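1. Structure of the sequence below:
(2 chains)
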2 protein chains.
Amino acid sequence: MRAAVIHGPNDIRVEQVPDPRIQQPTDAVVRVVNACICGSDLWAYRGIAARVPGQRIGHEFLGVVEETGAAVSTVRPGDFVVAPFVWSDGACSFCQEGLHTSCPQGGFWGEVGSDGGQGEAVRVPFADGTLVVLPNETAGEEKLLPSLLALSDVMSTGHHAALAARVRSGATVAVVGDGAVGLCGVLAARRLGAERIVMLGRHEARTAIARTFGATDVVAARGGDAVGAIHELTEGQGVHAVLEAVGTEESMRTAISITRDGGAVGYVGVPHGGSAGVEISQMFNRNITLAGGVAPARAYIRELLPDVLSGSIEPGLVFDRTIGLGEVPDGYRAMDGRTALKVRIAM
Amino acid sequence: MRAAVIHGPNDIRVEQVPDPRIQQPTDAVVRVVNACICGSDLWAYRGIAARVPGQRIGHEFLGVVEETGAAVSTVRPGDFVVAPFVWSDGACSFCQEGLHTSCPQGGFWGEVGSDGGQGEAVRVPFADGTLVVLPNETAGEEKLLPSLLALSDVMSTGHHAALAARVRSGATVAVVGDGAVGLCGVLAARRLGAERIVMLGRHEARTAIARTFGATDVVAARGGDAVGAIHELTEGQGVHAVLEAVGTEESMRTAISITRDGGAVGYVGVPHGGSAGVEISQMFNRNITLAGGVAPARAYIRELLPDVLSGSIEPGLVFDRTIGLGEVPDGYRAMDGRTALKVRIAM
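-> Below is the predicted model:
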């Protein structure tokens, strides 16, 4: 089969690789229908996150189950499924508590020895604990696929940020980061009843999506100016909840500075840089909570799915380009150059 | 009247100062019955926290109301009261939400222009919003006074740490810091139903109090060894809730390292040092929450008071020495040299 392989910085190729096959009785093989490129894949593409040359890549996909191991019971060949961006055994105490990302047997698609989502098929470890079966008829609903695909990561991650930031009905919210996760954070905050949602961003195509998703205000400034603008919008108090979807020291500093005393930052931007942006003295004096981390998407998909199926949320709007598998290198270039927000790969 | 005054590092004197008097209609004057010395006062004593020579000091006291301004309605002359370690107007949105420490009109006893708790009397701004009236008969119950005094700060702060760390019935908890706040954190965790409480400390008199307060285990190690010991006690997982009551980079690093994935650190140690101990990458991968800050004691005193009155908690056991006002400089020396855990001042 063909799959995307990363050979080094700026060097993603689509190549022939061995067909996946069942290796453990708990495995399934899934034929990929849709995959996509994530903002976090760009860290590997840029050489900032280390990869072994030859590693697979991609961690978001929809597909049809082709084959299952003898011990798989809840997933059957022919099922249309969505994969969260990590696999998990579904049985350990963390999986039972809904923190699948801490499953000791879990792993990340594309890590050494595993398949990535950006390929024709994927061997899925712990199929029962990992895959979520979708209504079979949705496989044919082309318009729905992007939003179902978004459940793999970005919509679930936006939801995680909103929960971690304790977004509640009537809350004022700010979102730092106008990437796909930040935009889905807007959608998640609106879904949880936020009254006012401020998007910090300056890219007009993105802030337009933010407004579609429920942002009531857009602040184009950055750093200290952004802090000033948020304080102006909130009578000097800041917002109850901040969704941090960037992961740099500057973004964290901004997030903490615009949080109202007693409020929370939900951080889901993969940290790049140290902890210098976490101003602990400021947090202490103002009782700021910092919560979040890598999102246990598996725990959220079932909760979010009905809203996707009903059309009440449409996270798939974050995809602004669709390509075939052969064009994956172009897709990376487009996202790296910010000419595409998020690229979908249709097989 | 006489009061403790700080003139510089290691230079606390008890001196004649002007008698406090009503300045605003919302003021009260309280005659101090009991005050005490706080671990956080030592930062000023050691010259690490800056003070203007001549500032008052002390922020915990019990007393009897002597006089009230015309606008004071809930506190009357003769009332026996406890003062939280900050004053607050009781009327703003933060006070209404229980975050009195963020009251825009609030302040800290001993700040420039205000009285400190370590003196014969104190002018109390916003008496209605600040003071909590105690049952009058308790003023004569000598055995109860230390525990009522502890509500001013250390017991309320320990409770804040436990709430911030999300201590629940059945939880495993660790407490970093064997000072009075850490010990009260043990008591607070037990009160909230923690099943297992590990105290990190090596000072035997203190760990003995921890055991009295409900600690089930004591770990005498520090740093990496402490982390190893906690993991050994918890099947490699760490504890659900960590109460951080020190405030250094090392203590924060330890606290985060021993938190179970998905768990929370309740930080109440006044931060001294930067944010280097907040390992954001580790927090991200393991979904660790950091919550806490300066405790809104005013919000907790009413909740904790019945348990003090019934004797079901006895936080006053943290006081291991009682002195008169004239001996305050000796009290600082004793706490600085760790020959006293916490010193009470009886007028």
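2. Do a quick rundown of the helices in chain A.
-> Taking DSSP state H as the test, the helices found in chain A are A:41-45, A:93-97, A:127-130, A:145-150, A:154-164, A:180-191, A:204-213, A:223-233, A:249-257, A:280-286, A:297-310, A:328-336.
3. closest to residue B:76 out of those helices?
-> Residue B:76 sits nearest to helix A:280-286 of all those, at 33.2 Å, using CB to CB. Yep, even glycine has a C-beta here, placed from its N, CA and C like the rest.
4. Give the buried residues for that closest one.
-> A:280, A:282, A:283, A:284, A:285, A:286 (16 or more other CB atoms under 10 Å in any protein chain shown).
5. touching chain B at all, that helix?
-> Yes: residues of helix A:280-286 contacting chain B under CB under 8 Å from any CB of the partner chain: A:280, A:281, A:283, A:284, A:285, A:286.
6. Show me what that helix packs onto, helices and strands only.
-> helix A:249-257, strand A:259-267 (3 or more CB pairs under 8 Å, 6 or more residues apart in numbering or on different chains; DSSP states H and E).
7. where in the stretch 1-150 of chain A is pLDDT low?
-> The model of the stretch 1-150 of chain A has no residue with pLDDT under 70.
8. who in the stretch 101-250 of chain A is up against chain B?
-> Going by CB under 8 Å from any CB, the residues of the stretch 101-250 of chain A near chain B are A:101, A:102, A:164.
9. Not counting residues beside it along the chain, what's closest to the last one?
-> It refers to residue A:164. Spatial nearest neighbour of residue A:164, excluding adjacent residues (CB to CB, 6 or more residues apart in numbering or on different chains): residue A:266 at 3.3 Å.
10. Show me the beta-bridge partners of the one you found.
-> Under DSSP bridges, the beta-bridge partners of residue A:266 are residue A:243, residue A:291.
11. State the number of residues packed around it.
-> When neighbours are defined as other CB atoms under 10 Å in any protein chain shown, residue A:266 has 32 of them.
12. Let me see the contact set for it.
-> A:160-167, A:185, A:241-244, A:291-292 (CB atoms under 8 Å, 6 or more residues apart in numbering or on different chains).
13. Could you do residue A:116 as well?
-> Listed by CB under 8 Å, 6+ apart, the contact set of residue A:116 reads A:3, A:4, A:55, A:56, A:57, A:58, A:59, A:109, A:110, A:122.
14. Pick out the residue closest to the middle of chain A.
-> Chain A has residue A:154 as the residue nearest its centroid, 2.6 Å off, counting by CA atoms, centre = their mean.
15. Quick check: the farthest pair among the contacts of residue A:116?
-> A:55 and A:122 (14.1 Å).
16. The two: which is more packed in?
-> Neighbours per residue (other CB under 10 Å) separate residue A:55 from residue A:122, with residue A:122 holding more: 30 against 17.
17. Assess the claim that that one and residue A:17 are in contact.
-> No: look at residue A:122 against residue A:17 with CB atoms under 8 Å: they stay out of range, at 11.0 Å.
18. for the residues of the stretch 101-250 of chain A next to chain B, which one is nearest residue A:336?
-> residue A:101 (26.1 Å).
19. dump the residue contacts of the closest residue to chain B within the stretch 1-150 of chain A.
-> Using CB to the nearest CB, the closest approach of the stretch 1-150 of chain A to chain B is made by residue A:102 at 3.8 Å. Neighbour list for residue A:102: A:94, A:296, B:261, B:262, B:286, B:287 [criterion: CB under 8 Å, 6+ apart].
20. Any figure for the gap between it and residue B:261?
-> Using CB to CB, to the nearest Å, residue A:102 is found at 4 Å from residue B:261.
21. list residues touching both of these two?
-> With CB under 8 Å, 6+ apart, residue A:102 and residue B:261 have common neighbours A:94, B:286, B:287.
22. returning to that earlier point: so which of the contacts of residue A:116 wins on neighbours?
-> residue A:122 (30 neighbours).
23. For beta bridges, what are the partners of that one?
-> Beta-bridge pairing of residue A:122 under DSSP bridges involves residue A:30.
24. ok, so what distance separates it from residue A:134?
-> From residue A:122 across to residue A:134, the span is 16 Å (CB to CB).
25. Please tell me I have it right and residue A:161 contacts residue A:255.
-> No: counting by CB under 8 Å, residue A:161 stays clear of residue A:255, with 10.4 Å between them.
26. what do those two both touch?
-> Both residue A:161 and residue A:255 are in contact with A:244, A:267, where contact means CB under 8 Å, 6+ apart.
27. if I pick the nearest residue to residue A:294 once chain neighbours are set aside, what's in contact with it?
-> Among residues not flanking residue A:294 along the chain, residue A:101 sits closest, at 4.7 Å (CB to CB, 6+ apart). Residues near residue A:101 by CB under 8 Å, 6+ apart: A:86, A:88, A:94, A:293, A:294, A:295, A:296, B:285, B:287.
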